[in-house]
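1. quick one, fold the following:
(chains A, B, C and D)
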2 protein chains.
Amino acid sequence: MTNEQHASLRIEHVPQTLRELAVERLRAAIMSGRFPSGYRLVERTLVDQLGVSRSVIREAIRYLEAEGLVEIQPRQGPIVATLDWDKARQIYDIRLRLEAAAAADCARLLDTSARADLQAALQRLKEAFLSDDPQVLYDATTRFYEVIFVTAGHHIAWEIVQRLNGRISRLRALTLASTDRHVSGQARMQRIAEAIFAQDPDRAGEAVREHLTEAAEIASKLLHVANKDDQRMGQ
Amino acid sequence: MTNEQHASLRIEHVPQTLRELAVERLRAAIMSGRFPSGYRLVERTLVDQLGVSRSVIREAIRYLEAEGLVEIQPRQGPIVATLDWDKARQIYDIRLRLEAAAAADCARLLDTSARADLQAALQRLKEAFLSDDPQVLYDATTRFYEVIFVTAGHHIAWEIVQRLNGRISRLRALTLASTDRHVSGQARMQRIAEAIFAQDPDRAGEAVREHLTEAAEIASKLLHVANKDDQRMGQ
DNA sequence: TACGGAATGTTGGCATACCATCTTCCGGTC
DNA sequence: GACCGGAAGATGGTATGCCAACATTCCGTA
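-> Numbering: from 1, shown residues only, chains lettered A, B, ... in the order given. Next up is the predicted model:
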């Protein structure tokens, strides 16, 4: 069982097929905002852009469709999934529950090896907060949570959270970039880590809940501002 | 926003493309156990069985792969996803958290219309418990939860739970069929409904937790028995 | 000038063809 | 008889071709 216990800690299976590569490229393009919400994914255009055949593109789109990153409009084909505040709220709520549970179990199951992993992830996170590159902070945050989920043995929950994060990636990037967040985020992350190091499940869960509640509030403001911008710009 | 507020209550978008049809057929075949765990999904064989081209089959497989119902083995192609107790445990744990949250919010948000829906679903569930057809009970149970999730506004959580249910469908069928379950299951469902009708979120959440904890225990026993059978039969 | 329709282009759905790799099996040689 | 090598089959990966539906444009007629 679980012969992939720490599989997700590793370098993530170098993609071999064009299809896997295409999925990654498209996902990156969507999550980075290069393909904005509602953007039409015209197959033949993507063929030119990625330099692969339509078969590959279409299969990649099917995958991303099931993942929730792409929606199919009947008679119009695939578009980048849209996000309104109701959906975002639901996603933050699910994340809150799954991440709190993971942090609590992580605190319970912490062993020497996991402690070292978490320590390293926390250190990297601290450095990332000093960095100017949003991507670095994004990656470090992801890594921090990954250690928590994997240590807790919540592999499936981690997959779910990663997918949900994909759907709110732009919101998440904005949230992480927010200056308020910059200050308090680091402190909150620190508190999560401390509770886990102290092996206090309740406090770890509570720390995550506070952290994510704040994140959701910031996201709410940002999304509403963004929506107003969209309306003003007529899109 | 949420212009599909009650979309999932309806008859579910009559599939138009062969691909959607193929996804449904394959999913049904897997969930019913006709394609058992680990079964190789050979594309050209499926072409003959479903009477469509490989393009359609392959795209359907991509979708089910992202859904977690199918796994791709490098250099061997797709197989029906396998399930060990560690994965099943994780899935039950996630379901527990999401369903408890949905029941609580459902209790909070219950209005006249939702009350009627839930009442109808409960009635159908009671009749299903008297039925001999496992499928009827399965469908009625699904419908009961669907009303809870939709009323709570937890549409995304409902999608996630449905997917997770797909991955443990055989376990779930066994659990529902278990005679112990037959007796206590109905009582527990009744308690969940009563707590929601009383608009008592805490009690509703607790009732769901008890219900699912029991279900997970039954599933645990069944899965371990099944695994022993598998070993005995050399597969 | 305005309206209708036909021609053309765009695009997704579906089918098929080709190729590389891996497996299997058969035959020949030692 | 055993072992090795190659041919044939099986199978997934990829590319391409065809078609129907829909949108767009342009021309002809009233």
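2. domains of chain A?
-> Using automatic domain parsing, the domain ranges for chain A come out as A:9-80, A:85-232.
3. ok, for the spatially most central residue of chain A, nearest residue in space, not its chain neighbours?
-> What sits nearest the mean C-alpha location of chain A, by CA atoms, centre = their mean, is A:N165, with 3.0 Å. Counting by CB to CB, 6 or more residues apart in numbering or on different chains, A:N165 lies nearest to A:R172, which is 6.2 Å off, once chain neighbours are set aside. Using the backbone N, CA and C atoms, a C-beta is placed for each residue, glycine as well.
4. now the domains of chain A as TSV including distance to DNA strand D?
-> Putting those into TSV (distance: least, CB to the nearest atom of the strand, whole Å) gives the following:
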stretch	distance to DNA strand D
domain A:9-80	3
domain A:85-232	20
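5. between those, which one is closest to B:R34.
-> Proximity to B:R34 (CB to CB) singles out domain A:9-80 among the domains of chain A, at 21.4 Å.
6. ok, back up a step: quick one: the residue nearest to A:N165 and A:Q90, what's the gap?
-> 15 Å (CB to CB, to the nearest Å).
7. among these two, which residue is more densely surrounded?
-> Set A:R172 next to A:Q90 and count neighbours by other CB atoms under 10 Å in any protein chain shown: A:R172 wins out with 23 against 20.
8. so does the top helix by length along chain A get close to chain B?
-> Taking DSSP state H as the criterion, chain A has its longest helix at helix A:201-232. No. Helix A:201-232 stays out of contact with chain B when judged by CB under 8 Å from any CB of the partner chain, the minimum separation being 9.7 Å.
9. residues of chain A that sit close to DNA strand C?
-> A:40-45, A:54-55, A:58, A:72, A:76-78 (CB under 7 Å from any atom of the strand).
10. could you dump the domains of chain A into JSON lines and include mean pLDDT?
-> Listed next are the domains of chain A as JSON lines, based on pLDDT from 0 to 100:
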{"stretch": "domain A:9-80", "mean pLDDT": "88"}
{"stretch": "domain A:85-232", "mean pLDDT": "89"}
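11. same list, those domains, but as TSV with distance to B:R191 please.
-> Below are the domains of chain A laid out as TSV (distance: least, CB to CB, whole Å):
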stretch	distance to B:R191
domain A:9-80	33
domain A:85-232	22
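12. winner for burial among these?
-> domain A:85-232 (a mean of 18; mean count of other CB atoms under 10 Å in any protein chain shown).
13. ok now that one, how far from the chain's centre?
-> Offset of domain A:85-232 from its chain centre (CA atoms, centre = their mean, to the nearest Å): 9 Å.
14. give me the residue from chain A nearest DNA strand C.
-> With CB to the nearest atom of the strand, the shortest gap between chain A and DNA strand C falls at A:G77, namely 2.7 Å.
15. do a quick rundown of the strands in chain A.
-> Remark: strands assigned in chain A by DSSP state E are A:70-73, A:77-80.
16. would you turn those strands into JSON lines with distance to B:H155?
-> Output for the strands of chain A, formatted as JSON lines (distance: least, CB to CB, whole Å):
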{"stretch": "strand A:70-73", "distance to B:H155": "14"}
{"stretch": "strand A:77-80", "distance to B:H155": "19"}
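17. in TSV: those, plus distance to chain B.
-> Formatted as TSV, these follow (distance: least, CB to the nearest CB, whole Å):
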stretch	distance to chain B
strand A:70-73	9
strand A:77-80	11
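18. closest one to A:L98 among those?
-> Nearest of the strands of chain A (CB to CB): strand A:70-73, 23.0 Å.
19. how about residues contacting the closest one?
-> Outside strand A:70-73, the residues that touch it by CB atoms under 8 Å, 6 or more residues apart in numbering or on different chains are A:30, A:41, A:61, A:64-65, A:78-82.
20. just the CA trace of that strand, in PDB.
-> Output of strand A:70-73 as PDB, limited to C-alpha atoms (Å, rounded to 0.1, in the frame of the first residue of the first chain):
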ATOM      1  CA  VAL A  70     -11.500  24.700 -18.600                       C
ATOM      2  CA  GLU A  71     -15.200  24.800 -19.400                       C
ATOM      3  CA  ILE A  72     -16.900  23.600 -22.500                       C
ATOM      4  CA  GLN A  73     -19.500  25.800 -23.900                       C
END
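21. give me the sheet partners of that strand and which way each runs.
-> Here strand A:70-73 is paired, per DSSP bridges, with strand A:77-80 (antiparallel).
22. neighbouring contacts of the partner strand?
-> With CB under 8 Å, 6+ apart as the criterion, strand A:77-80 contacts A:30, A:35-43, A:61, A:65, A:69-73.
23. in helices, which of the residues you listed fall?
-> Per DSSP H, the contacts of strand A:77-80 map to helices at A:30, A:43, A:61, A:65.
24. what's the closest non-adjacent residue to the third one?
-> Right, the one you point to is A:I61. Here the residue nearest A:I61, using CB to CB, 6+ apart, is A:P78, at 5.1 Å.
25. show me the beta-bridge partners of the one you found.
-> Applying DSSP bridges, one finds that A:P78 bridges with A:I72.
26. residue boundaries of the helices in chain A?
-> A:18-31, A:43-50, A:54-67, A:85-109, A:112-130, A:134-152, A:155-167, A:169-177, A:179-197, A:201-232.
27. which helices and strands sit right next to the longest one?
-> Helices and strands touching helix A:201-232, as assessed by 3 or more CB pairs under 8 Å, 6 or more residues apart in numbering or on different chains; DSSP states H and E, comprise helix A:85-109, helix A:169-177, helix A:179-197.
28. picking up where we left off before, including distance to B:Q119, could the helices of chain A go into CSV?
-> Shown next, in CSV, are these (distance: least, CB to CB, whole Å):
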stretch, distance to B:Q119
helix A:18-31, 42
helix A:43-50, 47
helix A:54-67, 34
helix A:85-109, 25
helix A:112-130, 48
helix A:134-152, 39
helix A:155-167, 32
helix A:169-177, 38
helix A:179-197, 43
helix A:201-232, 33
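29. B:I218: which of those helices is closest?
-> helix A:155-167 (20.0 Å).
30. now do the contacts for the residue nearest to the centre of chain A.
-> A:95, A:142, A:172.
31. excluding covalently adjacent residues, which one is nearest to A:I57?
-> In space, A:I57 is closest to A:L46, 4.8 Å off (CB to CB, 6+ apart).
32. between the helices of chain A, which gets nearest to B:Q190?
-> helix A:85-109 (25.6 Å).
33. check whether the closest one comes into contact with chain B.
-> Yes. Contact of helix A:85-109 with chain B (CB under 8 Å from any CB) involves A:85-87, A:90-91, A:93-94, A:97-98, A:101.
34. I'd say the residue nearest to A:N165 and A:T142 touch.
-> No. If you go by CB atoms under 8 Å, A:R172 and A:T142 don't touch, sitting 9.6 Å apart.
35. circling back: kindly provide the distance from the residue nearest to A:I61 to A:G38.
-> Taken as CB to CB, the span from A:P78 to A:G38 is 11 Å.
36. same question for A:S32.
-> 16 Å.
37. and the end-to-end length of stretch A:36-55?
-> Using CA to CA, to the nearest Å, one end of stretch A:36-55 lies 23 Å from the other.
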